[in-house]
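1. got a sequence here, can you build the structure:
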Amino acid sequence: MPTAVETIRPASIRLAERFSLGPLALGSSLASLLLVILLGTLTWTGTLGQLISGEVPEWRGQDFRVGVVLCLILAYLPASLLYIVRLAQRSLRELATVLDLQADELEDQIAELECVGRKEYLLAGALGLLSLLVIAFLPEAVVTRDFDLSRLDFLTFSHRVMSAFIGFLSGSGMFVTVRVSRRLAALTAERARTPLLESGRWLPLGKLGLGNAFVSAGMISLLLLLVPDREAGVGMALLLAGLVVGISVLGGLGLVMPLRGVRERIRQAKRREIEACDERITLLRGMWDEPPGSPGESGKLADVIAYRALIDDVSEWPIDLPQLGRFTLVFGLPLASWVAAAFVERLIDIAIG
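-> Numbering: from 1, shown residues only. Below you'll find the predicted structure:
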């Protein structure tokens, strides 16, 4: 006899609900807490004073800056997961007018968006943890052939610990994002009505796709903060480049993922309407006498042809130009600022000689 899948609510959702926090407040609170812990520990060990006075080598300053960025990333991931789930719930509520769902069914579906299968969630997190640790630290282990954790100082050891948590949160967060996006796509494919001439009703799905892309762009922006310290670790520059490219691809996929279900419905509805118009056109043309039919019949034919053209122009992707413009802006700004900063840095190096 099959058993029900055990579900859980991610810790970030439970934490936000417990303290009535939104995504921004949750991220800010976690970032503040992590930075206080980092700075407090460095103060206790005397390292912070040395960093401020400049009594430490450059690589130590790099380690500190990398630690700060890792704290920011570690706070960003739970906040972004909460943001995506809340955005998906709001999008589903806004789609109520085009979904064949009763009020109680709609509320059940909204509540279900923040619940995930325990095994799948933990497995995704474990895969993310393993992948990041292997990609980030395997080159160092291969090059140095010495990976004794007991010999690492606090900053270096904290990088490993935070990277492990970042890997787990990245994997589990990606799983949740894919799940809620696919869930909305499935609901619109199965239970949606298709008002072809009212495409604005589908814009909440475009907002969710744009939210997925926005989260990816935010992660890219944080990773680009590590560019000035790209020599802090073995293979770090190549790792950053690979992560930026990979996350950019995921952002593009996240944009279209919630739209796939309704796109298929729109395509099917368009095909049915166009086939009906073609049959009507054939019928009206067959009713013509010699010479061609009456003005009334000609007017009907013109109306059907115009309606067919109107239906044929309906976009199968329910996303408008302003949303595409925001997508381009969100993704373009971090990458453009990175390229500009690298160009300016290069010019300064040439000028100084």
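
2. skipping adjacent residues, who's closest to the most centrally placed residue in the chain in space?
-> Closest to where the C-alpha atoms of the chain average out (CA atoms, centre = their mean) is Asn212, at 2.7 Å. Spatial nearest neighbour of Asn212, excluding adjacent residues (CB to CB, 6 or more residues apart in numbering): Gly254 at 2.9 Å. Quick note: C-beta positions are derived from backbone N, CA and C, even for glycine.

3. give me the three-state assignment for the one you found.
-> helix (DSSP: H, G, I helix; E, B strand; the rest coil).

4. I figured it hits Phe214, correct?
-> No. Assessed by CB atoms under 8 Å, Gly254 is found out of contact with Phe214, at 9.1 Å.

5. strands along the chain, start to end?
-> 7-8, 116-117 (DSSP state E).

6. give me the number of residues near the spatially closest residue to Ala164 that is not a sequence neighbour?
-> Leaving aside its sequence neighbours, Ala164 sits nearest to Leu129 (CB to CB, 6+ apart; 5.6 Å). Neighbour count of Leu129, defined by other CB atoms under 10 Å: 20.

7. which ones are touching Leu129?
-> Going by CB atoms under 8 Å, 6 or more residues apart in numbering, Leu129 touches Ala164, Gly167, Phe168, Gly171.

8. can you count the residues close to the third one?
-> Meaning Phe168. 20.

9. then the last one?
-> Residue neighbour count, defined by other CB under 10 Å, stands at 21 for Gly171.

10. ok, the first one next?
-> Taking other CB under 10 Å as the criterion, the count of residues near Ala164 is 17.

11. that one contacts Leu133, doesn't it?
-> Yes. The criterion here is CB under 8 Å, and Ala164 meets it with Leu133 at 6.3 Å.

12. which ones are touching the closest residue in space to Leu226 that isn't next to it in sequence?
-> Sequence neighbours aside, Val69 is the residue nearest to Leu226 in space, at 5.5 Å (criterion: CB to CB, 6+ apart). Contact analysis of Val69 by CB under 8 Å, 6+ apart lists Leu222, Leu225, Leu226.

13. Asp278 versus Val69, what's the distance?
-> 59 Å (CB to CB, to the nearest Å).

14. can you pull out the helices in the stretch 251-353 of the chain?
-> Using DSSP state H, counting those that start in this stretch, the helices found in the stretch 251-353 of the chain span residues 260-286, 295-312, 321-352.

15. return the set of buried residues in the second one.
-> Counting neighbours by 16 or more other CB atoms under 10 Å, one finds that the buried residues in helix 295-312 are Lys300, Leu301, Val304, Tyr307, Arg308, Ile311.

16. could I get these in a markdown table, plus columns for distance to Leu42 and pLDDT?
-> Putting the buried residues of helix 295-312 into a markdown table (distance: CB to CB, whole Å; pLDDT from 0 to 100) gives the following:
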| residue | distance to Leu42 | pLDDT |
| --- | --- | --- |
| Lys300 | 81 | 77 |
| Leu301 | 80 | 79 |
| Val304 | 75 | 83 |
| Tyr307 | 70 | 84 |
| Arg308 | 70 | 84 |
| Ile311 | 65 | 82 |
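
17. and the residues you listed as CSV, adding distance to Arg272?
-> Formatted as CSV, the buried residues of helix 295-312 follow (distance: CB to CB, whole Å):
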residue, distance to Arg272
Lys300, 20
Leu301, 20
Val304, 15
Tyr307, 13
Arg308, 12
Ile311, 10
